[in-house]
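S.K.: got a predicted model here, sequence first, then my questions.
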Amino acid sequence: QVQLVESGGGLVQAGGSLRLSCAASGRTVSTYAMGWYRQAPGKEREFVAAISWNAGYAEYADYARGRFTISRDNAKNTLYLQMNSLKPEDTAVYYCAASSARIANRPGDYWGQGTQVTVSS
């Protein structure tokens, strides 16, 4: 089993930056595709970004492309999401996910508990 724990969320002003981390435990995720999702109040969970096992492929939602960067450090078993130029509409709970496949457009076999990101205007 894989356990995922997100961290790095918080309150930030519009235009600011945050870096989310997702630490994996239980087994190595170095051969797993991983990704980030978010869920805003009253809305369904939506895809943010995904990355292949070796970081050779990354995919972003349209709203994230150019502002967010997904990356990973397999030696640390950790996934990251660098978020710049944050907007109030980015306010949501951000979730980390992993897939046992090396490449997955929408990883979702394992999920973290989420970390709250709040962007004030």
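M.R.: Thanks, I have it. Numbering: from 1, shown residues only.

S.K.: and the spatially most central residue of the chain, helix, strand or coil?
M.R.: Note on the chain: the residue nearest the mean C-alpha position is W36, at 2.8 Å, using CA atoms, centre = their mean. With DSSP: H, G, I helix; E, B strand; the rest coil as the basis, the three-state label of W36 is strand.

S.K.: what's near enough to touch T28?
M.R.: The contact partners of T28, taken as CB atoms under 8 Å, 6 or more residues apart in numbering, are N74, N77. Any C-beta I mention is one placed from the backbone N, CA and C, and that applies to glycine too.

S.K.: quickly note the distance from it to R106.
M.R.: Between T28 and R106 the computed distance is 21 Å (CB to CB, to the nearest Å).

S.K.: ok, and for whatever helix or strand L20 lives in, which residues are buried?
M.R.: For L20, the host element (DSSP states H and E) is strand 18-25. For strand 18-25, burial by neighbour count (16 or more other CB atoms under 10 Å) applies to L18, L20, S21, C22, A23, A24.

S.K.: what is the burial count for T115?
M.R.: 22 (other CB atoms under 10 Å).

S.K.: wait, isn't K87 in contact with A14?
M.R.: Yes - counting by CB atoms under 8 Å, A14 is a contact partner of K87 at 5.9 Å.

S.K.: quickly list what's touching both of those two.
M.R.: V119.

S.K.: what residues does the strand holding L20 touch?
M.R.: With CB under 8 Å, 6+ apart, strand 18-25 has contacts from 2-10, 12, 34, 36, 76-83, 86, 94, 96, 98, 112, 115, 117.
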